[in-house]
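*Asks:* sequence unavailable; structure follows:
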C-alpha cells in the first residue's frame, strides 16, 4: 500500500492547471520528508543528487540506472554526505519500472538519455508519481501527445526541468519586461549555440575534450548523444532557448506557438573534429561517419499574438557558448550577445547601454534572497533555484511553471524542425497541446519578483 | 551622333561577365572626362554629386529631377564648387527620358525613389548608357528579369551601387576569410536594423525627426518611402545585408541563393510613433493609418553550396543601428554586434576576442591607401570607395563587382519575402538570373587587398 494521499481539489480544474481535478499532489504532512527516486544517475543526475543530498527535507529512496560506474559514483556521493544509502535498481534498462512499482515515491527525477525521457515520464505518471523531467527534444509529435494524454488520464503532474528559465539575467529581464520597460513584445531570439564537439566525442573514460570516440567506445554523453548528430537533422535541443523566451510572451498562457520553419547548413564540423584531432585523423574509423546534423540549424517561429522568434542550434563548430537571447518590444530591446540594452527615452538616442545596471536593478527576489545558497550549484547557480521550485511544487502543491503542456510544446519543435528541413524549409504547424486551455491559463512563473 | 565608341571585346563573353560580347564600355581616350548624368538629385543624389564635383576626371553634364527644391539645392553645390552648370531636365517625372535621348552621356547615376529604379535603369540601358543604380528591393520578380534581359539585349553594363560592400570592417573580414582564418563558410547573418521612424515621418521641411507627416505633406524620404510601409509586408531593403554577405560566399560567382522563407511580426512601431509624438497624438489623422509592414521581418535563405543566411529587417522600432553581420565558418566566427571574433587555435578556448586587432591586420589595401581621400564621404567614407569603383568601371572598363545579375538577385528578395510572408512563411524559390553562368563566374570584388 502506497502512502501517497489523493485529495479532491477541483478549484484549479477549470483553469486548466496541470494539477488535474480529483487529485492533488503536495498534500503531505509537513513533518514528512519527500521520498524521491532518481531515474538516470549519470553526470546530470549526479548534479541533481548533489543538490538533493544537501537537503534535510528530502530522502533519496532509490536510484535506477543500468550503468554500474554511474551507480558507484552516485553511491560515493551518499557516503560523502553521510546519507542513508538508496535502493539500487540496476537490472537492465527497464529496472526503473520495478522501482516505480516497488517504492513508495512522492516524486521522481528523470535524467537519462533523450530516447528514454518520455517512456519513463509516462511510466512515472502511470505510477502516480510526481515527475521532474530533464529537458530534451522529442522524436515525434505523437510522443508529445502521449505525455499530455498520460497526464490527463492519470492526473499526475509533470515538471519540465528547464533550468535556463532561472538564469539570473533572464529573471531580471522578465521583471523589466513585466514592468513595461520594453513595451509590447515583438520579436525574440534564442538558441543553443554551444561547441559540443568535446562532449560528443571523448576517449571513453574522461567526459570532455579527450578524444574522438563515441557510442560504445564513448563515455557519458558521447555514448548516446552523438548518435543523434549522425542520424538526425533538426533543432535537437530547443528548450534552453524556447523555454525562457516562452516566459516573456506567455506561451501556453494567453499565447501559443503557431508555426515553425527550419533550415540547416552543410555538415562539416564533426567530421573535421575527428580528422583534425590528435587522436583522430583521416584514417581513424570515425572519419568515415556521415553526420546528418547541419552545423547550423535555424528556425523561425510565429505565435498567436504576433511575435516572431528566431531559434539557433549550433553545436558542431568552434565558438564561444551563447544562448543568443534577444528580447525586443515596442520600446526597446535587450541583446545578450553584446550585454546591451536600449530603451527609448531612457538610453541615449540610438546608442546601446550596458545592461548591468538594469540587471542589478531588476534582479529577481529569489536571486537576491537565495544567492548564497545557490553558490556552487550547477550552471551558475540556476540549478539551485530550479530544484527549489521543483521541490516546492512536489511538496506543497504549488503551481508548476513549466508543465506537461510546455514540455510537449517545446519538445515538439525538434521533430517539427526535422520535418521542415527535410521538406526544404516548409512551414510546420505546431499543435496546441493544451486543446484551447492556453487562452485562459495565466503565466505563473517568477511572479512578484 | 553620340560619341561613345563601341569596341569589339569578345574575350570576356565566354565567362559571362556583364560586359557583353560585341560591346565595350570604358574605352574612352584617357584625356577625355567622363560625361555623367544624374537621375534623381534628392538627398542621396546630392551625396553622389558632392563626390563627383570634387573630381577633375568627371563632368556632370545633366540633372533630371521633377522636384524644384532638390534641383536648386543641387545647383548651389555646383556654385560652391565653381563647376560648370549642368543641363536641367525637370519637365515632370519622365523628363529623364529626354535627358537620355538628348545628352551624350558616358554614364548615368540613378538615385530616385524605389519605384523608379528599374524603369529608369532599363531606359538608360536602352540608351546604351553605363548605369549606376542605387539600391532598393524590387516590386516583382519579373521586374528583376526585365533588368537582366535589357542588359543582355543592349549589352549595356549596370553597376549596382551597394555601398556596404565597401565598409571597412566588411572588406577586412573578406581578406581574413579569403586567407582561410574562419575555414569554410557555413552560416551568415545580416540585415537592415535601423530605426527609420524619424526618416519615415517628418514635418515636411526638415528631413529627420521633425514630425509625423508623410506622402505629400512629407519631405525627402517621408514623401515616398513611408508608403511602402503602409502597403507592403516584406524585407523592403535587403541589399545592405545580402550584398556584403554575397561577397563572403561568392553568390552568382560559384554559388547562388536558392530559397527564401520569411516571417513578419505584428506591426506596432509606426502607429505608436505617430500617437506618441508631440506633433502627433491619438487624434492626428495619421493615427488612423494601418501599416502593413511588420516591425520585424526575418528571412532564412539557403544556397547551392550549403551555407545558410538569416536576414533581418527592423526599421519601425526604437533601436541602435545595426546591420547585424555574422560570418561563421568551420574554424570560427565574427559577429559585429559584439565586435568580436573567435578563431579556433588562435583565440583563447571558448572565449570571444575583440575584433579590432584583426580588422587592423586585415585592413583592405584600398582603405589603407585611400583613407585620407575618403574622409568626409558618406556612410563613414565607404561611399568614396564605391564611387571610385563605379567610375573605374565606367571609365576603364574594369569588371563590375555587383552587376545586373547581382542587382536582380538581391532585389528579388523583396517580392519573394512578401509572397512568403503572405503564404505563412512558405519557401520561395529564388530564380537563377544568370541562367547558369554563376557556375563559372568568379568573384572579382576587392581581390588583392
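*Replies:* That came through fine. Since the model is a prediction, treat every value here as computed from it, not as a measurement. Numbering: from 1, shown residues only, chains lettered A, B, ... in the order given.
*Asks:* domain-wise, how is chain A divided?
*Replies:* Structurally, chain A divides into domains by automatic domain parsing as follows: A:3-163, A:165-364+A:404-439.
*Asks:* how far off centre is the first one?
*Replies:* I take that to be domain A:3-163. Domain A:3-163 sits 15 Å away from the centroid of its parent chain (CA atoms, centre = their mean, to the nearest Å).
*Asks:* follow-up on the earlier one: ranking the domains of chain A by burial, who's on top?
*Replies:* Of all the domains of chain A, domain A:165-364+A:404-439 carries the top mean neighbour count, a mean of 21, counting by mean count of other CB atoms under 10 Å in any protein chain shown. All C-beta atoms are positioned from the backbone trio N, CA, C, and that covers glycine.
*Asks:* average pLDDT across it?
*Replies:* If you average the pLDDT over domain A:165-364+A:404-439, you get 98.
*Asks:* now do the same end-to-end measure for it.
*Replies:* The straight-line separation of the ends of domain A:165-364+A:404-439 (CA to CA, to the nearest Å) is 22 Å.
*Asks:* tell me the contacts of the residue of the stretch 1-150 of chain A found nearest chain B?
*Replies:* Closest residue of the stretch 1-150 of chain A to chain B, CB to the nearest CB: residue A:141 (18.4 Å). Going by CB atoms under 8 Å, 6 or more residues apart in numbering or on different chains, residue A:141 touches A:412, A:415-416, A:431.
*Asks:* apply 10 Å and report the result again.
*Replies:* A:408, A:411-412, A:414-416, A:419, A:428-431, A:433 (CB atoms under 10 Å, 6 or more residues apart in numbering or on different chains).
*Asks:* gap between it and residue A:278?
*Replies:* 42 Å (CB to CB, to the nearest Å).
*Asks:* on that earlier part again, can I get the domains of chain A in JSON lines with distance to residue B:119?
*Replies:* Below are these laid out as JSON lines (distance: least, CB to CB, whole Å):
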{"stretch": "domain A:3-163", "distance to residue B:119": "49"}
{"stretch": "domain A:165-364+A:404-439", "distance to residue B:119": "33"}
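*Asks:* for residue B:116, find the nearest of the ones you listed.
*Replies:* When the domains of chain A are compared by CB to CB, domain A:165-364+A:404-439 sits nearest residue B:116, at 29.6 Å.
*Asks:* any idea how far the closest one is from the chain center?
*Replies:* 11 Å.
*Asks:* so who does residue A:225 touch?
*Replies:* Counting by CB under 10 Å, 6+ apart, residue A:225 has contacts A:113-114, A:136, A:196, A:199-200, A:214, A:218, A:236-237, A:315.
*Asks:* need those residues in CSV (columns: secondary structure and distance to residue A:250).
*Replies:* Output for the contacts of residue A:225, formatted as CSV (DSSP: H, G, I helix; E, B strand; the rest coil; distance: CB to CB, whole Å):
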residue, secondary structure, distance to residue A:250
A:113, coil, 32
A:114, helix, 27
A:136, coil, 23
A:196, coil, 31
A:199, helix, 33
A:200, helix, 35
A:214, coil, 40
A:218, coil, 40
A:236, coil, 26
A:237, coil, 23
A:315, coil, 29
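*Asks:* quick one: residue A:332 and residue A:355 touch, right?
*Replies:* No - between residue A:332 and residue A:355 there is no contact under CB atoms under 10 Å: 11.2 Å.
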